[in-house]
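*Asks:* Sharing a model that was predicted from the sequence below.
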2 protein chains.
Amino acid sequence: MTQHPWLTQLNEQGYRLTEARRAVAETMADSGRALTPIEVYDMAREAYPALGLVTVYRTLEALEGIGLIQRVHQPEGCQAFITAPGGHQHLLLCQQCGRATLFEGDDLESLIQSIGHKTGYQIKEHWLQLFGLCSDCR
Amino acid sequence: MTQHPWLTQLNEQGYRLTEARRAVAETMADSGRALTPIEVYDMAREAYPALGLVTVYRTLEALEGIGLIQRVHQPEGCQAFITAPGGHQHLLLCQQCGRATLFEGDDLESLIQSIGHKTGYQIKEHWLQLFGLCSDCR
DNA sequence: ATTGAAAATGATAACGTTTTTCAATAACGG
DNA sequence: CCGTTATTGAAAAACGTTATCATTTTCAAT
């Protein structure tokens, strides 16, 4: 049986490998858009019907802690999660189809530094999300 | 009785002027930090004890619709609201004391335009929030 | 001032999501 | 294979938010 890299990472963090975690992890890893816990629950049960909703919540929490997924903030609600390859990234969401695209915010650093200087804040985290229409939907 | 400018705005939008709305509006207008509905409820009842929680939700919704307040997204939750003088603005939140500072994101426009070009998206909205320590707390 | 239609209110109940509890199960080092 | 310990899923509880509805209040028309 092939081992999904996310499971290896979970294992290295001290988590045991279970069917439930495999189902949740693979559902998240394979999805190109943000998913709510309930959506994950429904999708992951196709691979592992015995899965419980509570375990979905716990596994999402674990995956977020490791940095494999990140929370998505949207006007309608902020319960959704999406893959975060390489840690926290900036998101660009299509308002039509829900597709999520990740982008680099290199130029953001100087802006943030300037803001910190102007305001006197020591800035520790930043969080940028864009909304619009993807190339297919416009 | 002096009329708070927010109440005038509510009135112009077709809302009637009530004690409940006055209590909620003034609570929000006078707060320098983000408040959850429950916090607003507790604070506004000091001025108007008969206030109901449901009315808080409805009034916050109205104020958000007019653009006098905006929702604040934080790692711990996204239920809080804060004043938004001059419509939606960018937020800088102190992780220690909760103080909120608004800032201009002028330089952001070119970055966003560049992202849109690279990704093929037609970008319609953007959210930027920074977290850190304010000058008093660092 | 008085009136009356429509908006607004607050108490209660309903709702959906998230968390807690707990006995049973499964993982995995020894 | 065994025993410890993490993990699980079901059920219940807790939580925040929304819907319902009879009552009250606002405010424009008188």
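*Replies:* Nice, thanks for sending it over.

*Asks:* contact partners of the biggest helix by length in chain A?
*Replies:* The residue-count maximum for a helix in chain A (DSSP state H) belongs to helix A:53-66. With contact meaning C-beta atoms under 8 Å, 6 or more residues apart in numbering or on different chains, helix A:53-66 is reached by A:6, A:9-10, A:13, A:15, A:20-21, A:24-25, A:28, A:37-38, A:40-41, A:44, A:69-71, A:81. Where you see a C-beta, it was placed from the backbone N, CA and C, and this is true even at glycine.

*Asks:* and chain B, which of these contact it?
*Replies:* A:R71 (C-beta under 8 Å from any C-beta of the partner chain).

*Asks:* returning to what we had before: just the C-alphas of the helix or strand that the longest helix of chain A is followed by, formatted as CSV.
*Replies:* Downstream of helix A:53-66, the first helix or strand assigned by DSSP states H and E is strand A:69-74. Output of strand A:69-74 as CSV, limited to C-alpha atoms (Å, rounded to 0.1, in the frame of the first residue of the first chain):
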residue,chain,number,x,y,z
ILE,A,69,-3.9,22.8,5.4
GLN,A,70,-5.1,26.4,6.2
ARG,A,71,-8.3,28.0,7.0
VAL,A,72,-10.1,29.9,4.3
HIS,A,73,-12.0,33.1,5.2
GLN,A,74,-15.0,34.0,3.1
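
*Asks:* circling back: show me which parts of the longest helix of chain A are buried, residue by residue.
*Replies:* Neighbour counts over helix A:53-66 (16 or more other C-beta atoms under 10 Å in any protein chain shown) mark A:55-56, A:59-60, A:62-63, A:66 as buried.

*Asks:* pretty sure A:I82 belongs to a strand, no?
*Replies:* Yes - under DSSP: H, G, I helix; E, B strand; the rest coil, A:I82 sits within a strand.

*Asks:* Test my guess that it contacts A:R33.
*Replies:* Yes - under the criterion of C-beta atoms under 8 Å, A:I82 makes contact with A:R33 at 6.8 Å.

*Asks:* What residue in chain A is the furthest from its centre?
*Replies:* Distance from the centre of chain A peaks at A:K118, with 31.9 Å (C-alpha atoms, centre = their mean).

*Asks:* for the residue nearest to that residue when sequence neighbours are not counted, what are its contacts?
*Replies:* In space, and not counting its chain neighbours, A:K118 is closest to B:F103: 7.2 Å by C-beta to C-beta, 6 or more residues apart in numbering or on different chains. Going by C-beta under 8 Å, 6+ apart, B:F103 touches A:115, A:118-119, B:89-92, B:130.

*Asks:* mind checking the SS state of A:E46?
*Replies:* Assigned by three-state DSSP, the conformation of A:E46 is coil.

*Asks:* For it, give its distance to DNA strand C.
*Replies:* Here the criterion is C-beta to the nearest atom of the strand, to the nearest Å. By it, A:E46 lies 19 Å from DNA strand C.

*Asks:* Extract the CA atoms of the longest helix of chain A and return them as PDB.
*Replies:* This file holds the C-alpha atoms of helix A:53-66, laid out as PDB (Å, rounded to 0.1, in the frame of the first residue of the first chain):
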ATOM      1  CA  LEU A  53     -17.700  13.600  12.000                       C
ATOM      2  CA  VAL A  54     -15.800  14.200  15.200                       C
ATOM      3  CA  THR A  55     -12.700  12.600  13.700                       C
ATOM      4  CA  VAL A  56     -13.000  14.900  10.800                       C
ATOM      5  CA  TYR A  57     -12.800  17.900  13.100                       C
ATOM      6  CA  ARG A  58      -9.900  16.400  15.000                       C
ATOM      7  CA  THR A  59      -7.900  15.500  11.900                       C
ATOM      8  CA  LEU A  60      -8.400  18.900  10.300                       C
ATOM      9  CA  GLU A  61      -7.100  20.400  13.500                       C
ATOM     10  CA  ALA A  62      -4.100  18.200  13.400                       C
ATOM     11  CA  LEU A  63      -3.400  18.900   9.700                       C
ATOM     12  CA  GLU A  64      -3.800  22.600  10.300                       C
ATOM     13  CA  GLY A  65      -1.400  22.400  13.200                       C
ATOM     14  CA  ILE A  66       1.200  20.800  11.000                       C
END
